[in-house]
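Colleague: I would like to see how this sequence folds:
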Amino acid sequence: GYLSALHVEDIKPNQYDPRISKTISQNGTCKIVDDTGCDLTFWYGYEDEYPENDSDDENDDYYYEDDEDDDGTLVVWTSNIDKVCPPLEDKDVAEACSKKTTCMDCSRSPGCGWCSSPHLEMKSRCSSIKENEKMCPTERREEKFNSVPTIIKESKEQTSRWSKAQLHPQQVELAMNVGDIQYLDFTYLFISSGTSLTHDLPENVDLKIFSSCGGDNLLTEISRCSGIFNGVTVKFYARFHLKSCPEKSSDWEKSYKLTLSQGDVLDIDLKMFCSCSCDKFSTDGICRNDKKTFLDINPCAEKNSCSECLQDSACNWCSDSKFSYFDGSPLPRCNNDNFFTSDLCNGNGKVDPPRALTGSEDCSTCNHTCSGGICEEHKQDLLDLNMCVSQLTCGDCMKEDGCAWCPQTDGAPRCNLVSKWIVGNEKRNDPNKHECQEDLYVDRSTISTDKIEFLQNSDYIYEDSPMPDMTDNTVEITMKEGQSYNLELLLKINLDHRNFEEHQKFDEVKLMMKSRDEKSLSYVKLKYDYVCKGRKCTNDDIVKNLDELSFSASIELTECPERGINEPIYVLACNEYGESYPYGL
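Modeller: So this is what the prediction gives:
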């Protein structure tokens, strides 16, 4: 009950207040300690009947747990005033943080923040987050992640009107700092009577899963639920705790799986905050108290070609065209063997012979070749954040933002920033610009509108009828791989719909994609946030108090299908049990 307890601070005048109700019996209290070490007190009791005409309370669904309980309706409430947390002085946190000498160590310490401003003289650049906000310019604070789990894919493809996705959601994204704890709710529709849950998360991520397994049991940590009736949907709560960063930087962003024994899989895209934006070549930010620069601690990065790089046994070269920092910005291709950027190179693109090349050897020999990849670089391209010059095909070039491809050049890279090409009758008086000797290929992606309203469903769309043609309710997008297209989706609230419930919370309305060509859905990623009355939705927002619910959505083509996408993709607004009767398309 405490998971959905009513906070007494939220009770408004004339709303139901369990503290003064005359029909509550069997009152009691319980206490727990939360993840931050705070003591929380909860009060509970059983209402013999619904309070008569106490209010038109928008929060009834928060505290009525079981309308059919023989003892009455369970009511649970708590108060922030009675939340007791252990004392934690900011000066103690700041003192502990001040002992961190690098931004990387600072970023991995809970409660600490780093200031990379080169314009401030500071004995220690790592301090408490609160202190850092006071003294460091906003643009120079190394901001950590501040997010909750994001649903990437709510449901898998429905192969027929009778098939039903058992697991919701199917894919999520977690962005976590060291020390963070995040919770993810997911549900599973049982067809077999039991299931076991396993995962492949690394040791530095602690995962605990809690559930009552669909019965009247207490919420406990589980690894299996059994004895569940066919057709019962059970709710699970996953608790993720990032204890530390993996040793290899290639593991700082990775996908993992939470697997149910029937074969259903929840994909977890995990991003860990383990390094700083000042840990790059193309920045003047200070990442160490000793003010050593990127090149001071990674001197191999000064070298400009594979052959020059490999003449030093401490260096390795990355020829992979996809080599970049986590934010997509380019990195020097020559790096010290023990520097974290070396691990970001794809294994097949890493050129690292067991000994240094001699004067007569270069990167064209078969044993340590960069052939088929990138063999040299210009540091100005790194400063310009120019990823275009690393793209070796027209297709890859078109995927990068701001790039254009030239089939025939005067020796310059065929892929470059649009601003680096001489266009039309433009005079060639800039040595940094190049002339394309054939037609230049540029980004032609478009979106016909950035706002669209859901067509209200009339209950027949997913019965025996084929998917409808909706010429007046369609957005046309010419997409390129890897680019997000923003779209506002607007759902008018119609409480007469068979699947809307009066006390339904805003986040119980889900978006999912459907298509006549089910395979095409595997190439498209839909992400969205809820917007209520022009602002981000809060726990107080329920459907009956909204005239409309907006979704701030982004759509991304994750991969180019060989035969294109020739069938429309529909976005459905529905609850997790009502795919056949969506609220709108």
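
Colleague: tell me where the stretch 51-200 of the chain has strands.
Modeller: Ranges of strands within the stretch 51-200 of the chain are 73-78, 112-114, 126-128, 150-153, 167-168, 171-177, 181-189, 195-199, based on DSSP state E, counting those that start in this stretch.

Colleague: can you tell me which of those strands is most buried?
Modeller: Among the strands of the stretch 51-200 of the chain, ranked by average contacts under mean count of other CB atoms under 10 Å, first place goes to strand 112-114 (a mean of 28). Where you see a C-beta, it was placed from the backbone N, CA and C, and this is true even at glycine.

Colleague: show me what it is in contact with.
Modeller: 93, 96-97, 100, 103, 106-107, 125-129, 131-133, 136, 141-142, 144, 276, 287 (CB atoms under 8 Å, 6 or more residues apart in numbering).

Colleague: that one pairs with which strands, and in what direction?
Modeller: strand 126-128 (antiparallel) (DSSP bridges).

Colleague: which of the strands of the stretch 51-200 of the chain sits closest to Y530?
Modeller: Y530 lies closest to strand 150-153 among the strands of the stretch 51-200 of the chain, at 11.0 Å (CB to CB).

Colleague: just the mean pLDDT for the closest one, thanks.
Modeller: Taken as a whole, strand 150-153 has a mean pLDDT of 86.

Colleague: show me what it is packed against.
Modeller: Strand 150-153 is packed against strand 171-177, strand 265-273, strand 524-532, with contacts defined by 3 or more CB pairs under 8 Å, 6 or more residues apart in numbering; DSSP states H and E.

Colleague: strands paired with it, and their directions?
Modeller: Applying DSSP bridges, strand 150-153 is found paired with strand 171-177 (antiparallel).

Colleague: T283 versus the residue nearest to the spatial centre of the chain, what's the distance?
Modeller: The structure's the chain has its C-alpha centroid closest to E173; by CA atoms, centre = their mean the separation is 3.6 Å. Using CB to CB, to the nearest Å, one obtains 26 Å as the distance from E173 to T283.

Colleague: can you check A412 too?
Modeller: For A412 relative to T283 (CB to CB), the value is 26 Å.

Colleague: any chance of a markdown table for the helices and strands packed on strand 150-153, columns distance to L572 and mean pLDDT?
Modeller: Output for the helices and strands packed on strand 150-153, formatted as a markdown table (distance: least, CB to CB, whole Å; pLDDT from 0 to 100):
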| stretch | distance to L572 | mean pLDDT |
| --- | --- | --- |
| strand 171-177 | 17 | 94 |
| strand 265-273 | 20 | 95 |
| strand 524-532 | 11 | 91 |
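
Colleague: of those strands, which is nearest N217?
Modeller: Comparing these by CB to CB, strand 265-273 comes nearest, at 22.5 Å.

Colleague: show me the contact partners of the helix or strand just after the closest one.
Modeller: Of the helices and strands lying after strand 265-273 in sequence (DSSP states H and E), the nearest is helix 294-297. Outside helix 294-297, the residues within contact range by CB under 8 Å, 6+ apart are 279-281, 283, 287-288, 301-302, 336, 339.

Colleague: by contact count, what packs against the helix or strand just after helix 294-297?
Modeller: Using DSSP H and E, the helix or strand that directly follows helix 294-297 along the chain is helix 306-309. For helix 306-309, the packing partners by 3+ CB pairs under 8 Å, 6+ apart come out as strand 315-318, strand 334-336.
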